[in-house]
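Return a 3D structure for these sequence lines:
(2 chains)
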Amino acid sequence: MPRQTFVLNGKTVTLNVHDDVRVLWVLRDLLGVTGPKYGCGINVCKACTSHVNGRAFNPCSVRVGDLKKTDEVTTIEGLADTVAGDLHPMQQAWLDRDVAQCGYCQPGQIMAAVALVRKVRRERRSITDADLDGIRNICRCGTYTRIREAIEQGARRM
Amino acid sequence: MTEVTPRRWATMPRDLDTAPAGIARRSFLGYVVAGTTLVAAADLGLGAPDAAASAPGVPQPAELYDLNDMLTEAAMPTANLITVTVHEDGTASFALPRMEVGQGITTSTAMLIAEELELPVEKVRVTLADARPELLFNQLTGGSNTTISTYTPIRVAAAVAKSALLEAAAIQLGDAVETLRAKAGVISAPGGARLSYGELARAAARRTPRAVQVQLKDPSAFRVVGVGRPRVDARDAVTGRKKYATDMQVKGALPTMVCRAPTLNGTPKRLRNRKRILAMPGVRNVAVVDTGVAVRARTFGQCIDAIRAMKVDWEDGPVAGLSDADIVDELRAAELPLPALTDSLSDLLADNPLAQTVEVDTLFYFRSNSAMDTNSAIADVRPGRATIWAGLKSPITAQERIAQELGMSVDAVTVHVVQAGGSFGRRLFFDGALEAAKISQAMGKPVKLMWHRADDARVGRGHPMATSRVRAVHAGGQVLAFQQTHTSVETDFRHGLGEVITATAASLPTGLGNLGFSETVFELTQEVPYDFGVISQTLTETDDRFNTGSMRNIYSPDVRAAGELTVDELAAAMGQDPYEFRRANLRNARVVAVLDAVAKAGRWGRAMPHGTAQGIAIHKEYKGCSACLVEIDNRPRQTGRDIRDGVGGPRVTKVVFAIDVGLVVNPRGLEAQMQGGINDGIALALTSSMHLRDGHFLEASWDNYFYTRQWNTPPEVEVIVMPSESGQPGGAGEAGVAATFAAVACAYARATGATPAYFPVNHRDPLEFKPKPYVPPVPQSPTNGLKLTY
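Numbers count the residues shown, from 1 in each chain, chains lettered A, B, ... in the order given. Have a look, this model is predicted:
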């Protein structure tokens, strides 16, 4: 079985698994990193949203063999370590707005929100209603109103 | 959010001991239960709820005695089996015999205990109780009944604990109990001596149980209850630490999935290539069970690969070959004629040319309550014993049914209740847990079963297709009769009241047992709170071949939408404004108050551009009432939006929602439940449905089933929590759906100039997606994720 190596939440991990196993299963089933959630397996619900090299990606749609040794994967568990303090400002905004209900989709929502803020920063602009309308992460509890409020707060403090 | 703070909370005394004297307070009996540390319980005889109502006219059953009265009374005899424990580290713990699925009951329960025990909320740990068959009817999470049924017993248990701590402190400090003061987990004496609850926990414990008489705090003294707080599990949720069934690590429980039939509820005859499947990478076990072919592998990805490679012979399911139109025909055939009008009304219609009839006939298609966290469970079945972990709202029924299925005694089956990622009624059943148990037994291995999204969407339970017909008669500016008949594909209530006796009664052959449950639930939840003369509402159910259940708010969203569309038509027929007409005809002051609140905050009647409109509607259930005002934009710039893997359609641009639940435990949690219910109501009206075609449902994932998304959700949402003088809390989890659905339906009708004949309004539009194959039954995961980063 091929040997796979990549950087996960700041640490290099190596394990033996076939190339075509998707990163989501490597994280959840083999490494026990369960913050990224399964919600569809076909990159439409976005519950597994995590970061690769600082950008949002969906590990359900990436073969582990396609990751390079130096690729840095960050899941919700590693998000706070990318900043000073106990929590990332977006996580704090989620707490302040008490966004979560069942909570299942929220790790993906937060990772998507952080990537969205970084993206509009790269484009030298701020978040618009159209950006918020364009977020594809589904929340079946319907927490959208508070998600929108939290993203605006989190963006101000990022 | 507008949070209206009731006066009695604003002026509440800061100290329990300064509560006004001379106010007669009811006392309750509780027990200090034997144990090494302090354990306190509530008594059983808490008295019947006050069900009598004083409504003018002839009341409907639900006004006098509703589903919540039934569920609360059913839970009462076992309330004394529910205990609060105080530990030597100064914390209190409580194993809640209900299921947390996002509705916020672990938080509200911690608040109730903190309030009565005088302990900070952070020091109260609420966990979910394992299945406890001795609780009989007291371990069912449904009907938005948790707070209603547990509000008093939990507070009594906490008050008993506090009184035992005070007594123990009195002995140790040498002061009389009356002079001691309990606050923030510390008991202090007038001289300044202090003892913490932790220090007293052992001393307050009893070797033998003892009965204790306690009085509960007057709500005017509340300082935790009624003050909004964030969820107790919020930090775990945002850091990824919150664990759902599939996140748990149980030794040997490898990922397991099931290959399902190409027709709904079809069954496997034979797996033709077992050898090849077993040779696939990662695959460890394969077993044919009654619902499909199960595979256990090192990763879920390898389960998907195996399922896609399986060659299975299937027996067709019971609706093979049928489509939406066939079921509509069947419903139409099952519809009973509307009840005959009284002789005097018939004469009036014949003689009085001014007497008129308004008729509305609405069809509601199948809808899915698939949650983000799919049906999943861990099962470890060994010879003679079994252990199950799953999100279960009726764990006792699950335990008893699983024992039956495995051929074991009930006490050989341990059922752990795990928090779940949503329910919307689906987890009243235990389809995943039962299936996992069978698979584990067949394979002789522990399994972590997860339904693929495609399974959860197509084979999971949902809201049955239904029709609702309303006929109203009016003359001289008055409504004289309002008759509604609801006809539905069967709603499955075979979980009973949470244990196997009533579940068995509901499962009697020929569907008659279930029909009794359906009729009871319908009768005890439906109500027309208008002064509309002769009112009748009836239910007919037919066809038990579909996977259905109590989707959030059960019958009410459909019944209310059809009802409120009729109210709008009545208003139009009489030349009256929809808001003023409702206001003039409502029989209940609380409903008028919520209606007025949304009309004012939402600026009812403001000028709106052509193609946009407001809609307004009310609802009354769960000991509370609600009103909703929405604004909808049906202009081409909204309806013409092209959204990849989704639908745009008309946009609800604004929602104002007022809720009166009586006594509010956690206003912030209540607001959250309304916000969620609003998005559900919008989905039911505009975008969310299942298409039955050739024996199976087309929708297989979130790019097919269009629950409300960010591009559909209203940019402007205001929730008004009404002040209340009531001492009784109502239900929250489902209370936001019905009024929203009805208000959106009314707004859409006003924007388009026609009352819709079916919901959701986009159901008969050309499909916005290419249906995924049935063979293989699950789609392969893409591989292009690194090209789509942002």
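
Show me which helix or strand of chain B is least confident by mean pLDDT.
helix B:7-10 (a mean of 28; mean pLDDT, DSSP states H and E).

other SSEs contacting the helix or strand just after that helix?
Next helix or strand after helix B:7-10 toward the C-terminus (DSSP states H and E): strand B:27-33. Packing partners of strand B:27-33 (3 or more C-beta pairs under 8 Å, 6 or more residues apart in numbering or on different chains; DSSP states H and E): strand B:38-42, helix B:146-173, strand B:210-215. For glycine as for every other residue, the C-beta is placed from the backbone atoms N, C-alpha and C.

low pLDDT regions in chain A?
In the prediction, chain A carries no residues with pLDDT under 70.

90 instead?
Counting by pLDDT under 90, the low-confidence segments of chain A come to A:1.

Point to the residue nearest the middle of it.
For chain A, the residue sitting closest to the mean C-alpha position, by C-alpha atoms, centre = their mean, is residue A:50 at 2.6 Å.

Confirm residue A:84 sits in a strand?
No: residue state for residue A:84 (DSSP: H, G, I helix; E, B strand; the rest coil) corresponds to coil; a strand is not indicated.

Check the residue lying closest to residue B:370 once chain neighbours are set aside and give its pLDDT.
Excluding the flanking residues, the one nearest residue B:370 by C-beta to C-beta, 6 or more residues apart in numbering or on different chains is residue B:456, at 4.6 Å. Note on residue B:456: pLDDT of 98.

Same check on residue B:140?
86.

So if we follow the domain assignment, how does chain B break up?
Domain assignment for chain B by automatic domain parsing gives B:2-230, B:245-318+B:370-458, B:324-368+B:461-759.

mean pLDDT for those: which is lowest?
Across the domains of chain B, domain B:2-230 gives the lowest mean pLDDT, at a mean of 81.

Show me where the stretch 601-750 of chain B has its strands.
Remark: strands assigned in the stretch 601-750 of chain B by DSSP state E, counting those that start in this stretch are B:612-621, B:624-633, B:651-660, B:692-693, B:696-697, B:716-721.

Same question for chain A.
With DSSP state E as the criterion, chain A has strands at A:3-8, A:11-16, A:50-52, A:55-57, A:72-74.

quick one, which of those strands is nearest to chain B?
Closest to chain B of the strands of chain A is strand A:55-57 (C-beta to the nearest C-beta; 4.0 Å).

Report the distance from that closest one to the chain centre.
The chain centroid and the centroid of strand A:55-57 are separated by 7 Å, computed with C-alpha atoms, centre = their mean, to the nearest Å.

Who are the packing partners of it?
Against strand A:55-57 (3+ C-beta pairs under 8 Å, 6+ apart) you get strand A:50-52, helix A:106-122.

if we go to 7 Å?
Applying 3 or more C-beta pairs under 7 Å, 6 or more residues apart in numbering or on different chains; DSSP states H and E, we find strand A:55-57 packed against helix A:106-122.

Dump the C-alpha coordinates for the helix it packs on into CSV.
The C-alpha coordinates for helix A:106-122 follow below in CSV (Å, rounded to 0.1, in the frame of the first residue of the first chain):
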residue,chain,number,x,y,z
GLN,A,106,-20.7,24.5,11.7
PRO,A,107,-17.1,23.5,11.4
GLY,A,108,-17.5,23.6,7.6
GLN,A,109,-19.4,26.9,7.9
ILE,A,110,-16.6,28.5,9.9
MET,A,111,-13.8,27.2,7.6
ALA,A,112,-15.7,28.5,4.6
ALA,A,113,-16.3,31.9,6.3
VAL,A,114,-12.6,32.3,7.1
ALA,A,115,-11.7,31.5,3.5
LEU,A,116,-14.3,33.9,2.1
VAL,A,117,-13.0,36.8,4.2
ARG,A,118,-9.4,36.0,3.0
LYS,A,119,-10.6,35.8,-0.6
VAL,A,120,-12.4,39.2,-0.6
ARG,A,121,-9.3,40.7,1.2
ARG,A,122,-7.1,39.4,-1.7
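
Perfect, that will be all.
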